[in-house]
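Student: Okay, sequence plus prediction incoming.
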There are 2 protein chains.
Amino acid sequence: MMTQYEKVLGGEITPAIRTAARRERVAPEQVRDELARGTAVLPFNPAHHALAPAVVGRAFTIKVNANIGRSTEKSSNETEIAKMHVALTAGTDFLMDLSVGPNLGELRRAMIVECPVPFGTVPIYEAFSRVGKNIEALSENVLLEVIREQAEQGVDFMTIHAGLLRSHIPLAFKRMMGIVSRGGALIAEWMVHHERENPFFSRWKEILDICHCYDVTISLGDGLRPGCLADASDEAQFAELDVLGTLVKSCREHGVQAMVEGPGHLPFNQIEMNMKRQQWVCDGAPFFVLGPVVTDIAPGYDHITSCIGATMAAYHGAALLCCVTPSEHLGLPTADEVKAGVMAYRIAAHAADVAKSLPGARARDDEMTRARKAFDWKKQFELAIDGETARQRYEQGRCHGEEEDSCSMCGKEFCAIRNSKSAATAKFMEVPDANLAAGSV
Amino acid sequence: MMTQYEKVLGGEITPAIRTAARRERVAPEQVRDELARGTAVLPFNPAHHALAPAVVGRAFTIKVNANIGRSTEKSSNETEIAKMHVALTAGTDFLMDLSVGPNLGELRRAMIVECPVPFGTVPIYEAFSRVGKNIEALSENVLLEVIREQAEQGVDFMTIHAGLLRSHIPLAFKRMMGIVSRGGALIAEWMVHHERENPFFSRWKEILDICHCYDVTISLGDGLRPGCLADASDEAQFAELDVLGTLVKSCREHGVQAMVEGPGHLPFNQIEMNMKRQQWVCDGAPFFVLGPVVTDIAPGYDHITSCIGATMAAYHGAALLCCVTPSEHLGLPTADEVKAGVMAYRIAAHAADVAKSLPGARARDDEMTRARKAFDWKKQFELAIDGETARQRYEQGRCHGEEEDSCSMCGKEFCAIRNSKSAATAKFMEVPDANLAAGSV
């Protein structure tokens, strides 16, 4: 079997490419060429029958990924399936199930069968769960077995933490926060305990073979992403990034699509540099960033702290934005918090599309402007990314029954739109001396 | 009487400067010198006895302004005074009362007497309210009378829309959205109706005399700020900005402090340019921006769309950030929405302080990091900008009674902080070959 990537290298335009190109409103050739260069990926496991393919890359619209999943101590399959639907209704483009604990295959199958967007996992979570959360019992073979099983089930992309090496561990422990990636911390613990190299790295060729066989896209995990501003852009982070750059090339040589995961926590002024460094080191492979959070002092609001960073990251080249919810650093998100995260990230993604001047990106903004000027509230709510929330806030403020040509913010007589319309209809066109300003002050 | 500005020009360090400098943790001389250059302002009406002075300028910590105020159709004095306290508790640095309607003086006096932060107004709102919301009856003398009365009451800074000239009106009506500034639209309507130049502009010298007499800082209003992405950075906006630049110089010549108000709505990629252009045109006068919102399609979430823009603006030189609430474009904000706006903007302001590498700006982030690593939840909530919200989200997710050395997000066995600590305490220091990576893939 040829993978999607091998087909595009041969010049083929697959049906998935046509679908993705239609959504982007670009020529299928453009999608194919970006895929062939490796600057875009189209995660699509043929076993994921419900999937409507989507392409991720700097040249295309920015995509949003929502994370859901049980923790060992919280939630249930039913709750997480409900969260999946909340995330999809909110408009997420990608979905990852980060569940841990028993019977993950059952939950995953139930999700994949209903999931119309690319579906991702982090295999080490299931592997560690399967061996009773015992690092001693976690063998390399279990890791490979889990990757194969998940691939068979139709997972489109998997986070593989192959870039965190033994030699990096001392760098990580120089940090203020250490390792904050769940998978990264497990791999580090495994390497220390077993006194061996990262199993994802040492068994890399076999992992590539599995991903090739099932056409799974590899999302190269950043086990050493900084977990606080103080650790941002440090030696540990960039040492791992260099390995990820090597692994990107290796994926491409083996006909497997690859994207790269990134920070985390970064001061706002380091974001541009980080995006450029990743593009350079990883030869343009799509960058999948988690935020980044731009300050550590706002737990409870990290959907906001991070969507600020995500907008900047996307503007400077990140292609896929992983939602952070308001409960980040505090607990497992509720369905409402997942929705809040997706909404914040859709704002970031769209703001970046507009800022990058993607053709047509501003069309919906302009339609909203026309609806605002016309006081067409119904149309505004239709165009809003969350019309129901907008409508509720409008209704809460309303005082009139019928009249709709103003809102309670300014009130009718102070409404700038009404007043400037009134001025516009008057006779004002005798333009006075444009140079008056400079002379008279 | 000498104004604050005239005193600093004479080299004096006033008590207000000492207070402001302590808060900034800089030498009073630095505050004085920035004030003397006009690149910072310290709004301080001697009649505002409750004020703890604060300095605004690019060289200092970014400040947040919250808007409150009745509209003609909604709210009451009691509600707005309660909102003031919500905004202050949430941590706003500045406050503006944008109330319209009858008996504004009564409300304002009640606010000023309790308000410890610089207090601002928009005099045209009261003037138009006073003449029965009748543009015909609005005379230049009423405008001057209102400015004088508000100055007497202790208002620290006033938005004066003196930069929107008759010659700009045709430019504004080329726009998709026209004029969206309440004050700007009234002034435009007035100029069209009376067929005369902007009264703030034609009576500018008298306004300066009043502001000099009461030591009021002028906030030069941007009546032509863009109201949608489509109108951003247009001829109308920059034509007004050029006039504002002239007026800044005129303020300085008359011993009056001046800052400049700015957009509004801007695509993310236009923010840096706008900040630089304002600094150039206005000779470094502090820039007081409203957001800017970076997309028009998210009504109900405009505290988020705009705090993205505000972070970028502050990073590139804006000094004072005017909060936008979640009900922007939809209605008068509730107290909860005012709080949501202030919180989003404190995040933006702090993120920019960190990004600008202000000395000590990251200290609180680092303290949070230490508390996180130690699982010291109490300390985390103390350090959080909104500890109560953080605590609630944490409690909502908790499953254990006593144990606190993890949270429900990952669960105990999957907690990266726990697992990386465990790896750190093991013997891992025999560093393997750091060059392994390159060789084996």
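Tutor: Ah, there it is.
Student: ok, A:His193 to B:Ile160 distance?
Tutor: Separation of A:His193 from B:Ile160 (CB to CB, to the nearest Å): 69 Å. Glycine gets a C-beta too; all of them are placed from N, C-alpha and C.
Student: Kindly report the same for A:Leu321.
Tutor: According to CB to CB, A:Leu321 and B:Ile160 sit 41 Å apart.
Student: Show me which of these two is the more surrounded one.
Tutor: A:Leu321 (30 against 27; other CB atoms under 10 Å in any protein chain shown).
Student: so the nearest residue to that one once chain neighbours are set aside, which of the three states?
Tutor: Take A:Leu321 and drop its neighbours on the chain: the residue closest to it by CB to CB, 6 or more residues apart in numbering or on different chains is A:Ala310, 4.5 Å away. Using DSSP: H, G, I helix; E, B strand; the rest coil, the structure places A:Ala310 in helix.
Student: Can you list phi and psi of A:Ile218 for me?
Tutor: Phi and psi for A:Ile218, reported as degrees, to the nearest 10, are phi -90, psi 130.
Student: Show me the shaky parts of chain A.
Tutor: Across chain A, residues meeting the criterion (pLDDT under 70) sit at A:400-403, A:425-441.
Student: Can you name the residue of the stretch 1-150 of chain A nearest chain B?
Tutor: Proximity of the stretch 1-150 of chain A to chain B (CB to the nearest CB) peaks at A:Thr72, 3.4 Å away.
Student: Could you pull up the residues touching that residue?
Tutor: A:100-101, A:129, A:133, B:411-414 (CB atoms under 8 Å, 6 or more residues apart in numbering or on different chains).
Student: and the residues you listed as TSV, adding neighbour count, distance to B:Arg108 and secondary structure?
Tutor: Formatted as TSV, the contacts of A:Thr72 follow (neighbours: other CB atoms under 10 Å in any protein chain shown; distance: CB to CB, whole Å; DSSP: H, G, I helix; E, B strand; the rest coil):
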residue	neighbour count	distance to B:Arg108	secondary structure
A:Val100	22	57	coil
A:Gly101	21	59	coil
A:Ser129	19	62	helix
A:Lys133	17	63	coil
B:Gly411	21	54	coil
B:Lys412	18	55	coil
B:Glu413	20	59	coil
B:Phe414	25	55	coil
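Student: So of those residues, which two are at opposite extremes in space?
Tutor: Spatial extent of the contacts of A:Thr72 (CB to CB) is set by the pair A:Ser129 and B:Lys412 at 13.1 Å.
Student: Disregarding flanking residues, what is the spatial nearest neighbour of A:Met96?
Tutor: Using CB to CB, 6+ apart and skipping residues adjacent in sequence, the residue nearest A:Met96 is A:Gly120, 4.1 Å away.
Student: Give me the phi and psi angles of that neighbour.
Tutor: phi -120, psi 160.
Student: That one: how many residues sit nearby?
Tutor: 24.
Student: I'd say it and A:Thr159 touch.
Tutor: Yes - between A:Gly120 and A:Thr159 a contact is recorded at 6.8 Å, counting by CB atoms under 8 Å.
Student: quick one: common contacting residues for the two?
Tutor: Residues touching both A:Gly120 and A:Thr159 (CB under 8 Å, 6+ apart) are A:96, A:219.
Student: Under a three-state scheme, what state does A:Pro299 occupy?
Tutor: Here A:Pro299 is recorded as coil under three-state DSSP.
Student: Please identify the helix or strand for the closest residue to it other than its chain neighbours.
Tutor: Nearest non-adjacent residue to A:Pro299, counting by CB to CB, 6+ apart: B:Ala390, 4.2 Å away. If you go by DSSP states H and E, B:Ala390 is part of helix B:387-397.
Student: Name the residues of the helix or strand that that helix is followed by that are buried.
Tutor: Per DSSP H and E, the first helix or strand lying C-terminal to helix B:387-397 is helix B:416-425. The neighbour-count check on helix B:416-425 (16 or more other CB atoms under 10 Å in any protein chain shown) flags B:416-424 as buried.
Student: From those, list the ones also adjacent to chain A.
Tutor: B:416-424 (CB under 8 Å from any CB of the partner chain).
Student: I'd like the residues you listed laid out as TSV, including distance to B:Lys7.
Tutor: Formatted as TSV, those follow (distance: CB to CB, whole Å):
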residue	distance to B:Lys7
B:Ala416	55
B:Ile417	53
B:Arg418	58
B:Asn419	60
B:Ser420	56
B:Lys421	56
B:Ser422	61
B:Ala423	60
B:Ala424	57
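Student: What is the most widely separated pair among those?
Tutor: Between any two of these (CB to CB), the greatest distance is 11.9 Å, for B:Ala416 and B:Ala424.
Student: okay, now the closest residue to A:Arg398 other than its chain neighbours: neighbour count?
Tutor: Among residues not flanking A:Arg398 along the chain, A:Ser408 sits closest, at 6.2 Å (CB to CB, 6+ apart). If you count neighbours by other CB under 10 Å, A:Ser408 ends up with 22.
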